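Participant: prediction below, plus the sequence it came from.
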6 protein chains.
Amino acid sequence: MLPISRFPVPELKDLPEDIREKIVAVQEKAGFVPNVFLTLAHRPDEFRAFFAYHDVLMLKKTGNLSKADREMIVTATSAKNQCLYCVVAHGAILRIYTKNALIADQVAVNHLKADITPREKAMLDFAIKVCLDSQSVGDSDYALLRSQGFDDEDIWDIAAITAFFGLSNRMANVISMRPNDEFFTMGRMPR
Amino acid sequence: MLPISRFPVPELKDLPEDIREKIVAVQEKAGFVPNVFLTLAHRPDEFRAFFAYHDVLMLKKTGNLSKADREMIVTATSAKNQCLYCVVAHGAILRIYTKNALIADQVAVNHLKADITPREKAMLDFAIKVCLDSQSVGDSDYALLRSQGFDDEDIWDIAAITAFFGLSNRMANVISMRPNDEFFTMGRMPR
Amino acid sequence: MLPISRFPVPELKDLPEDIREKIVAVQEKAGFVPNVFLTLAHRPDEFRAFFAYHDVLMLKKTGNLSKADREMIVTATSAKNQCLYCVVAHGAILRIYTKNALIADQVAVNHLKADITPREKAMLDFAIKVCLDSQSVGDSDYALLRSQGFDDEDIWDIAAITAFFGLSNRMANVISMRPNDEFFTMGRMPR
Amino acid sequence: MLPISRFPVPELKDLPEDIREKIVAVQEKAGFVPNVFLTLAHRPDEFRAFFAYHDVLMLKKTGNLSKADREMIVTATSAKNQCLYCVVAHGAILRIYTKNALIADQVAVNHLKADITPREKAMLDFAIKVCLDSQSVGDSDYALLRSQGFDDEDIWDIAAITAFFGLSNRMANVISMRPNDEFFTMGRMPR
Amino acid sequence: MLPISRFPVPELKDLPEDIREKIVAVQEKAGFVPNVFLTLAHRPDEFRAFFAYHDVLMLKKTGNLSKADREMIVTATSAKNQCLYCVVAHGAILRIYTKNALIADQVAVNHLKADITPREKAMLDFAIKVCLDSQSVGDSDYALLRSQGFDDEDIWDIAAITAFFGLSNRMANVISMRPNDEFFTMGRMPR
Amino acid sequence: MLPISRFPVPELKDLPEDIREKIVAVQEKAGFVPNVFLTLAHRPDEFRAFFAYHDVLMLKKTGNLSKADREMIVTATSAKNQCLYCVVAHGAILRIYTKNALIADQVAVNHLKADITPREKAMLDFAIKVCLDSQSVGDSDYALLRSQGFDDEDIWDIAAITAFFGLSNRMANVISMRPNDEFFTMGRMPR
């Protein structure tokens, strides 16, 4: 079984106070510590910047993107980057938010075959373009999204989430970040 | 929710006897009828040829590929073809055969991050090359596989399974074949 | 000169009766045994499934695809997969069926420069999409083909022929199946 | 002439104190305000996270990457993402740090034709792989970089800088961030 | 049947004397006027430069490339550019020079399956790299070709022929230059 | 510092009279000898054909393409081929012709973010298609360019310039032609 990172993984007790507190809070909520917290804690300053950025984007209270929309973007684009950690971890969260056991695999394998609305399809088409071909984004992309009810701030949100997780995907791929076993099964069963 | 096929799906009672018998047998074993049986039964002659071919390759008794090896090949290459049906259905069977709840998602998202042996990695590297770039297959591919303990008949097996499911993937993508809900969760929980 | 296969090629006399009969029948009709029959006979069970599938698709009596249409699909998509055997052998058959000495090379090199009708162009555009990018096939592809007079069953036919020869192309590439010399010149001269 | 952003650009006087202070400090040092500061200030919280992350990576005091190395990574990978802002702005900073008027254009157009050392070439080869194909990064990449004198922490640095600017490139492409005219000419003339 | 060019095609009698003479000489030798002479004569000055360049490269008396080698390069690389005119016309000339009825189709469809020597394979591998990915050409390509007996002037020849026909391929594709019917059958029959 | 060519570079005094004269004339006009003249003079006959072709296309007096248009085409397509020499040298000439210090870098990095007119964008879109995907050029490309005021002769011009510099890019990449230092700074400063 592969380790959770190619790099040294700090023990909770050796981490700076603020980071330990953040991790303990997550652990209390989720029941386990997602490996991204431990593996990135190898570099405390980058950890702080990474999660500050993450929280701004993913915990944002305004705009028209639901939490499920955001996780759907992360799952679909992380699949394009073949990032095992993010597909598995954010796919799990997507299942939880949507209470839909199928959606994460559908979106990860081929969003064109997923049970999603035209609005969600347009959102993912755009996110995938930002992920794979951002240099070609232009007026027609904005027009298409607006025709589906997204405003410009929503477009920024989709792009920023995609861009941020593109960063995350690359780090996870390079350090071989391993998803926790828990994520593979979360949200798959009716309660 | 999307239907299981863009094409008409026959009812069991309307099918030719031999096809109905085959489907009933599967149903008894699996507890449900995998959609591939119903959707392809739209064309009985093609159904017969498809499953004859499938069974020759997947139920073959000889050679060095285990049943799990074969399902691993199907899962990894179907992911490259973004075939939702095959990734989900054969990923489920892979979990069952390996009694490993994680392996299917690992192999589907990025086999380079999966908990697999060097022999399995060589097998999947080759299968993916046959899937995406068969025109470039040559001596060096044979040499590499032989160095991992595969003989030439095993190489034919890997290629044939990949090629056959390449056919299957294309049909599933074109008719929008939908995986049964059951497959998404099969083999994910310890019993 | 390269051999006709990387794998052992059985002699006619050593083959099971049904396979020998099929091969002899082809030989009588064509004047020679196309190598695909000998090279795939290395595995009799797969041979039977392969040709059963082949015959269902290529000898089908119903629908709006002519025999020439089918060979045109095979020639164009096999060129995308860089399959020497299928481009040369099916290009030859295409020349015979169309009595057109130029069409096979035109379609193999660049179907956009071939002397074909808009209906044939739409058919080949779709076949090539199924060949190279089946994951993106969707409603707009169906609409386009219908606007050219194809019905849904024809669309299944185009997809199935492409998918089946995608299998064939991959096997031919992996075993280095060599086209018979006869195919290179068949149908090129006015009689 | 295109504007500096598709989105509203705040005036300095309307920005939160901490952001205004940061911008004023940059302005005093550089003689002008790089547009990235103004365009991203449209979203103060993301601005803070972005520059916190940026500063951790680019102002890091430890490790074997020089400041010029870091800017070379940014310039080369931003060119792959066709990000006009980053190629022009970081190319300018690269010229300043290296006192080399040619290096930025060389690295942006084709790093294989640049006047760089084998160590720098290995660094850029890896950065470009992280940028375009991070899913394939593995042991052999680590081995190659180590053979050029990089340690694992340096490898993390190269990856993190590439990943962070991949985020930046995507945002700049989506909002059409325009580089300041000053950057085009900075560092091009002998003083 | 498509015309031989999207652009006006001059009549022989309306052409400048030097061009008419050149065309008449070709006609006497070949028995017909290859369409490239008529279609490019639409622009006499470009015609002169084009054929001056062509003749320097293809009629060169020195170096280790045979005439057949040169036509093999043209056929293989024109196939990558999907240029119908050049694949058909230069494939014909290749058959004539080699007295080999099979080689042109083999090289056009997949040179890895052609009856060629390791020296010829190295030559075509390099030509195809120059055709599709010249930006990556470097020391290792030179070393490989030298190990097969090519000297640096031969390498220039391979590159220049590939580059020149890359120009020709693009013009032929844009103006839809049609190959003469004669080329399709030339050199295919034993005399 | 890399040399100006992988191949021997002749001295001016050793060159044939006509070539020396041409080079001296350029030197008098430009103030230095662009390396393309010296490096290609290694082969006098190819030199003559190359510059004859170049001059026909780039000094043409008729048609609707301005000199700046032509240099813009060269700069944008050479960037796609990652040709350092042509991007730097023709980018410099583009700055001179347009008296615009920014345009060359904009067009080389991402023409979609450049300060260009819709007519220029259509011209570059087409040139880039000819550069990267000429096999797909067809009626719709002609229609689009005509709608922007280009006539068919202009379309030939755009294609021919792109095709010729595709040749030039490949030669420059293979011989590692180095741009003169002068080009990097030409036209960047207000006079």
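Facilitator: Everything's here; your move.

Participant: isn't A:Asp181 up against B:Asn100?
Facilitator: No. Look at A:Asp181 against B:Asn100 with C-beta atoms under 8 Å: they stay out of range, at 10.6 Å. Heads up, the C-betas are built off the backbone N, CA and C, glycines and all.

Participant: can you classify A:Cys86 by secondary structure?
Facilitator: The three-state label given to A:Cys86 by DSSP: H, G, I helix; E, B strand; the rest coil is helix.

Participant: and for A:Ile4?
Facilitator: Under three-state DSSP, A:Ile4 falls in the coil class.

Participant: contact partners of stretch A:43-61?
Facilitator: Contacts with stretch A:43-61, where a contact means C-beta atoms under 8 Å, 6 or more residues apart in numbering or on different chains, come from A:15-16, A:18-19, A:22, A:37, A:40-41, A:67, A:70, A:157, A:160-161, A:164, A:168, D:45-46, D:48-50, D:52-53, D:56-57, D:156, D:160.

Participant: what is the mean pLDDT for it?
Facilitator: Averaging the model's pLDDT scores along stretch A:43-61 yields 97.

Participant: equivalent analysis for stretch A:132-143, please.
Facilitator: Here the average pLDDT along stretch A:132-143 is 98.

Participant: which other residues reach that stretch?
Facilitator: Under C-beta under 8 Å, 6+ apart, the answer for stretch A:132-143 is A:80, A:126, A:129-130, A:152, A:155, A:159, A:163, D:6, D:81-83, D:169-170, D:173-174, F:110, F:112.

Participant: again, but for stretch A:180-191
Facilitator: Residues from elsewhere that reach stretch A:180-191 (C-beta under 8 Å, 6+ apart): A:31-35, A:88-89, A:91-96, A:99, A:101, A:104, B:101-102, B:105, B:184-185, B:188-189.

Participant: mind doing that once more with 6 Å?
Facilitator: A:32, A:34-35, A:88-89, A:92, A:95-96, A:101, B:101-102, B:105, B:185, B:188 (C-beta atoms under 6 Å, 6 or more residues apart in numbering or on different chains).

Participant: show me which residues of that stretch are buried.
Facilitator: Using 16 or more other C-beta atoms under 10 Å in any protein chain shown as the test for burial, stretch A:180-191 gives A:Asn180, A:Phe183, A:Phe184, A:Thr185, A:Met186, A:Gly187, A:Arg188.

Participant: before we move on, back to that, list only buried entries from the contacts of stretch A:132-143.
Facilitator: Buried by 16+ other C-beta under 10 Å: A:80, A:126, A:129-130, A:155, A:159, A:163, D:6, D:81-83, D:169-170, D:173-174, F:110, F:112, out of the contacts of stretch A:132-143.

Participant: go back to these and keep what's next to chain E.
Facilitator: Here nothing survives when the buried ones among the contacts of stretch A:132-143 are matched to chain E using C-beta under 6 Å from any C-beta of the partner chain.

Participant: just those residues: which are in helices?
Facilitator: Residues of those located in helices (DSSP state H): A:Lys80, A:Phe126, A:Lys129, A:Val130, A:Ile155, A:Ala159, A:Ala163, D:Asn169, D:Arg170, D:Asn173, D:Val174, F:Asn110.

Participant: would a markdown table of those residues with distance to B:Gly63 be doable?
Facilitator: Shown next, in a markdown table, are these (distance: C-beta to C-beta, whole Å):
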| residue | distance to B:Gly63 |
| --- | --- |
| A:Lys80 | 35 |
| A:Phe126 | 46 |
| A:Lys129 | 44 |
| A:Val130 | 45 |
| A:Ile155 | 53 |
| A:Ala159 | 50 |
| A:Ala163 | 47 |
| D:Asn169 | 48 |
| D:Arg170 | 47 |
| D:Asn173 | 50 |
| D:Val174 | 51 |
| F:Asn110 | 52 |
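
Participant: show me the two of those residues that sit farthest apart.
Facilitator: Using C-beta to C-beta, those span at most 20.9 Å, a distance reached by A:Lys80 and F:Asn110.

Participant: just checking, A:Glu71 touches A:Leu94?
Facilitator: Yes. With contact defined as C-beta atoms under 6 Å, A:Glu71 counts as touching A:Leu94 (3.9 Å).

Participant: shared neighbours of those two, anything?
Facilitator: Residues touching both A:Glu71 and A:Leu94 (C-beta under 6 Å, 6+ apart): none.

Participant: so what's the residue count around A:Pro8?
Facilitator: Counted with other C-beta atoms under 10 Å in any protein chain shown, residues neighbouring A:Pro8 total 8.

Participant: tell me how far the spatially closest residue to A:Val9 that is not a sequence neighbour lies from chain E.
Facilitator: Distances taken as C-beta to C-beta, 6 or more residues apart in numbering or on different chains put A:Leu38 closest to A:Val9, at 5.2 Å, once the chain neighbours are dropped. Distance, A:Leu38 to chain E, using C-beta to the nearest C-beta, to the nearest Å: 39 Å.

Participant: which helix or strand contains the residue nearest in space to the middle of chain A?
Facilitator: Centroid-nearest residue in chain A, with C-alpha atoms, centre = their mean: A:Val74, separated by 3.8 Å. Using DSSP states H and E, A:Val74 maps to helix A:67-80.

Participant: quick check: A:Val88 touching A:Pro179?
Facilitator: Yes. Assessed by C-beta under 6 Å, A:Val88 is found in contact with A:Pro179 at 3.9 Å.

Participant: tell me the contacts of A:Ile19?
Facilitator: A:Ile19 sits next to A:Ala41, A:Pro44, A:Phe47 when contact means C-beta under 6 Å, 6+ apart.

Participant: and the residue of chain A closest to chain E?
Facilitator: A:Gln135 (17.3 Å; C-beta to the nearest C-beta).

Participant: let me know the secondary structure of that residue.
Facilitator: helix.

Participant: and what of A:Phe32?
Facilitator: A:Phe32 ends up coil, using three-state DSSP.

Participant: could I get the pLDDT score of the nearest residue to it once chain neighbours are set aside?
Facilitator: Once flanking residues are discounted, A:Phe32 sits nearest to A:Glu182: 5.4 Å by C-beta to C-beta, 6+ apart. If you check A:Glu182, the pLDDT there is 96.

Participant: helix or strand for A:Glu182, which one?
Facilitator: Under the criterion of DSSP H and E, A:Glu182 resides in helix A:181-185.

Participant: just to revisit the earlier point, list buried residues within the contacts of stretch A:43-61.
Facilitator: For the contacts of stretch A:43-61, a neighbour count by 16+ other C-beta under 10 Å gives the buried set as A:15, A:19, A:22, A:37, A:40-41, A:70, A:157, A:160-161, A:164, A:168, D:46, D:48-50, D:52-53, D:56-57, D:156, D:160.

Participant: just the ones of the contacts of stretch A:180-191 in helices?
Facilitator: Going by DSSP H, the helices hold A:Asn35, A:Val88, A:Ala89, A:Ala92, A:Arg95, A:Ile96, B:Asp105, B:Thr185 from the contacts of stretch A:180-191.

Participant: need the CA coordinates for stretch A:115-131. CSV is fine.
Facilitator: Output of stretch A:115-131 as CSV, limited to C-alpha atoms (Å, rounded to 0.1, in the frame of the first residue of the first chain):
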residue,chain,number,x,y,z
ASP,A,115,-27.9,13.2,-14.4
ILE,A,116,-27.4,16.9,-14.4
THR,A,117,-29.3,20.0,-15.5
PRO,A,118,-28.4,22.1,-18.6
ARG,A,119,-27.3,24.8,-16.2
GLU,A,120,-24.9,22.3,-14.5
LYS,A,121,-23.7,21.0,-17.8
ALA,A,122,-22.8,24.5,-18.9
MET,A,123,-21.0,25.1,-15.6
LEU,A,124,-19.0,22.0,-16.0
ASP,A,125,-18.3,22.6,-19.7
PHE,A,126,-16.8,25.9,-18.7
ALA,A,127,-14.9,24.6,-15.8
ILE,A,128,-13.3,21.9,-17.9
LYS,A,129,-12.4,24.5,-20.5
VAL,A,130,-10.7,26.6,-17.8
CYS,A,131,-9.0,23.5,-16.6
